[in-house]
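[1] sequence below, structure please.
(chains A and B)
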There are 2 protein chains.
Amino acid sequence: MTQVYNFSSGPAMLPVDVLRHAQQELCDWQGLGTSVMEVSHRGKPFIQVAEEAEKDFRDLLQIPSNYKVLFCHGGGRGQFAGVPLNILGDKSTADYVDGGYWASSAVKEAKKYLTPNVIDAKVTVDGKRAIIPMRDWQLSDNAAYLHYCPNETIDGIAIDETPDFGPDVVVAADFSSTILSRPIDVSRYGVIYAGAQKNIGPAGLTLVVVREDLLGKASKACPSILDYSVLNENDSMFNTPPTFAWYLAGLVFKWLKEQGGVAAMDKVNQQKSDLLYGVIDNSDFYRNDVAASNRSRMNIPFQLADSKLDALFLEESFAAGLHALKGHRVVGGMRASIYNAMPLAGVQALTDFMVDFERRHG
Amino acid sequence: MTQVYNFSSGPAMLPVDVLRHAQQELCDWQGLGTSVMEVSHRGKPFIQVAEEAEKDFRDLLQIPSNYKVLFCHGGGRGQFAGVPLNILGDKSTADYVDGGYWASSAVKEAKKYLTPNVIDAKVTVDGKRAIIPMRDWQLSDNAAYLHYCPNETIDGIAIDETPDFGPDVVVAADFSSTILSRPIDVSRYGVIYAGAQKNIGPAGLTLVVVREDLLGKASKACPSILDYSVLNENDSMFNTPPTFAWYLAGLVFKWLKEQGGVAAMDKVNQQKSDLLYGVIDNSDFYRNDVAASNRSRMNIPFQLADSKLDALFLEESFAAGLHALKGHRVVGGMRASIYNAMPLAGVQALTDFMVDFERRHG
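    Numbering: from 1, shown residues only, chains lettered A, B, ... in the order given. Next comes the predicted model:
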């Protein structure tokens, strides 16, 4: 069979080693004669999985001890409601930076609970899409928090600056498509959250990192499954957690440690994105319209100069084992999502194909 | 290796054939060279899985066409909030029948959104725990709906009556631990919901069956991930669903059809529970304190007359391949959860062990 590289934006590729490990023990885990997904979340064997996963995740991101890690249901979308329901407190507004599709979707959900101060950060510079720098974000005086999305999966736009707004600004950020791909200074944030299905594990699990002084402020209307304090007091087991996803996330964290952790990922992710942007930029056949300063290293959308070739590109790339390159319906064109699990060899295979495709059809 | 039978209350045993099927194709699904958990929920291959799962589920429960089936995040606990948030409408109260631990937990969550009329249905008859019959439930005049739990996983208490309160009473029911174990007359309900991790699949997926005239009434405070209308309008894909759990649920539904469907399950579940209750009742060594009319066929708690033998019973039963028989911490003693995936042979092995244990220690 052709070696397959899967560029899906999420649910996304998992490390091959992790999948093989899970496959091997799927029906008989730890010699128990049962699957890990068949055992109680409150039993010793699973509790050990849960605790190790949290510890490894903390190690990988160097999470300070005054932050809690929660393993939740509901996806990133769930946190679009979870953030205001938990940390709005007695305020009535929050600053929302709109840098793309997901940030904008978070605004829509937040409007159920507050009147957002929306900071439209999207600009065009020299014909390229960009984000205005953090120092130019006009924060309001009475905001409970500032929300932004450091990596826009659909737009391929990243905000790589580290927030530095002083101790009074609580920063909440949707790291769904960039978590664990590079170091994060967690201390600059009040809440970090991420749906698992890109850089953590399978869909159905969401990780929340919350500074402990923000606990205990949930709105009465907050469903318990989204209540950070309830989750924290119950070690993320107030209700039955998505145990198999939690277990797989734990395997991914161990795999990441074996690879050299987040610093090593940072390096290879830079190599991967440099390689792909290089091929795009060295060609008039392919185009990416994001300014260099805001280009995502995780999700790289690109257009063919002649969009009539899109279907052929997708057909031939799929045949070559390069899957899921179709761009999001909102943007069109192509998109290569190259999260941690995508090896450099996969991006090399993609760029080799792109160069060859251009040679044949350019 | 000893044949293992896993009596966990949830996450619970899955059909062995389903697990083996999933294991076989875990790393290469449909010849795609990727796992089912790595593909987009919006791609054709997964959409087919999703649609087939819904169709099979509808077939199994003979769900009328004016009911929608939603595949959600959040577990049964999520629906403790989801039900009031979706169907309270402009009313301020609902009837909540308290028949045990989970029904009571639903009341606690509902109090965030309404003032419940709690109907305490727990009674003691001849020293046995029972539930007052539905005809004696004192419903209020202004309730938006009536909520109850047909099977209490922890207490081992079932309410097997079919609701017959007339067309004006919207019945919402938590079927988490009994769904698919016997036929349900869906038309008697407004909302049926069930966490997957007992009779459907792995933890992290929740099924909701809702009558379509109840859509469109969600509170403004309802997070989108719990909003039945939003889920319905987006084919349960407003956000990324727990795709692997959905896929496994689909395999379980196909397995159920192969077994003869819910009618066949009904029959074997009766045999299984008759066998176990028979051994308990024919002995002074074991005891179950639920009245015959309200005994659960899914979760069978039992006590040893001499609780000093509990630890030995658990140790020896585990060694014999009979896992997870420890009762819930709230109740103590033992509990055997015997959902659809538990074969009659597993209950036979348990009762053989119990008879032998009594012979040796009675």
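
[2] and the gap between residue A:239 and residue A:315?
    As judged by C-beta to C-beta, to the nearest Å, residue A:239 and residue A:315 stand 45 Å apart. Bear in mind the C-beta positions are built from the backbone N, C-alpha and C, glycine included.

[3] what's in contact with the helix or strand harbouring residue A:56?
    Assigned by DSSP states H and E, residue A:56 belongs to helix A:44-61. Applying C-beta atoms under 8 Å, 6 or more residues apart in numbering or on different chains, the contact partners of helix A:44-61 are A:29-30, A:32, A:36, A:39-41, A:63, A:69, A:71, A:179-180, A:183-184, A:186, A:207, A:209, A:235-237, A:241, A:243, A:246-247, A:249-250, A:253-254, A:256-257, A:261-262.

[4] show me what counts as buried in the longest helix along chain A.
    Across chain A, the longest stretch assigned as helix under DSSP state H is helix A:261-281. Within helix A:261-281, the residues scored as buried using 16 or more other C-beta atoms under 10 Å in any protein chain shown are A:261, A:262, A:265, A:268, A:269, A:272, A:273, A:275, A:276, A:277, A:279, A:280.

[5] excluding covalently adjacent residues, which one is nearest to the last one?
    Nearest-residue entry for residue A:280: residue A:286, 4.5 Å, with adjacent residues in sequence omitted and distances by C-beta to C-beta, 6 or more residues apart in numbering or on different chains.

[6] pLDDT at that neighbour, what is it?
    pLDDT recorded at residue A:286 is 98.

[7] that older thread, right, and the helix or strand after the longest helix of chain A?
    Scanning onward from helix A:261-281 (DSSP H and E), the first element met is strand A:286-287.

[8] those residues of the stretch 151-300 of chain A touching chain B, which are they?
    A:195, A:197, A:202-205, A:220-226, A:238-245 (C-beta under 8 Å from any C-beta of the partner chain).

[9] narrow these to just the buried residues.
    Using 16+ other C-beta under 10 Å, the buried ones in those are A:195, A:197, A:202-205, A:221-226, A:238-245.

[10] which ones among those residues map onto helices?
    Per DSSP H, these map to helices at A:243, A:244, A:245.

[11] wasn't residue A:81 part of a strand?
    No: read with DSSP: H, G, I helix; E, B strand; the rest coil, residue A:81 is helix and lies in no strand.

[12] quick check: phi and psi at the residue nearest to it when sequence neighbours are not counted.
    Once flanking residues are discounted, residue A:81 sits nearest to residue B:223: 3.5 Å by C-beta to C-beta, 6+ apart. When read as degrees, to the nearest 10, the backbone of residue B:223 gives phi -60, psi 140.

[13] pretty sure residue B:223 contacts residue A:109?
    Yes: with contact defined as C-beta atoms under 8 Å, residue B:223 reaches residue A:109; the gap is 7.3 Å.

[14] can you report how many residues lie near residue A:347?
    Neighbourhood size, residue A:347 [other C-beta atoms under 10 Å in any protein chain shown]: 24.

[15] measure it to residue A:276 for me?
    6 Å.

[16] anything in contact with each of these two?
    A:336, A:338.

[17] from the chain's centre, how far out does stretch A:22-30 sit?
    On the basis of C-alpha atoms, centre = their mean, to the nearest Å, stretch A:22-30 sits 27 Å off its chain's mean C-alpha point.

[18] from start to finish, how long is it in a straight line?
    11 Å (C-alpha to C-alpha, to the nearest Å).

[19] so residue A:144: helix, strand or coil?
    Under three-state DSSP, residue A:144 comes out as coil.

[20] before we move on, what about residue A:301?
    strand.

[21] for stretch A:298-312, which positions count as buried?
    Applying 16+ other C-beta under 10 Å to stretch A:298-312 flags A:298, A:299, A:300, A:301, A:302, A:303, A:304, A:309, A:310 as buried.

[22] just the residues contacting it, thanks.
    By C-beta under 8 Å, 6+ apart, the surrounding residues in contact with stretch A:298-312 are A:9, A:151-156, A:158, A:177-178, A:181, A:198-199, A:269, A:273, A:276-277, A:280, A:284-290, A:313, A:327-328, A:331-339, A:361.

[23] repeat the analysis, applying 7 Å as the threshold.
    Applying C-beta atoms under 7 Å, 6 or more residues apart in numbering or on different chains, the external contacts of stretch A:298-312 come out as A:9, A:151, A:153, A:156, A:177-178, A:181, A:273, A:276-277, A:280, A:284-288, A:313, A:327, A:331, A:333-339, A:361.

[24] what's the answer for stretch A:11-23, then?
    A:6, A:197-198, A:202-203, A:248, A:251-252, A:255, A:337, A:339, A:341-342, B:23, B:26-27, B:35, B:37-41, B:240, B:243.

[25] do that again at 8 Å, thanks
    Residues from elsewhere that reach stretch A:11-23, judged by C-beta under 8 Å, 6+ apart: A:5-7, A:197-199, A:201-203, A:247-248, A:251-252, A:255, A:337, A:339-342, B:23, B:26-27, B:34-35, B:37-41, B:240, B:243.

[26] how far does it sit from the chain's center?
    17 Å.

[27] swap in stretch A:31-43?
    Put simply, stretch A:31-43 sits 29 Å off its chain's centre (C-alpha atoms, centre = their mean).

[28] that one close to chain B?
    Yes: using C-beta under 8 Å from any C-beta, stretch A:31-43 reaches chain B at A:32, A:33, A:34, A:35, A:37, A:38, A:39, A:40, A:41, A:43.

[29] report the buried residues of that stretch.
    A:32, A:33, A:34, A:35, A:36, A:37, A:38, A:39, A:40, A:41.
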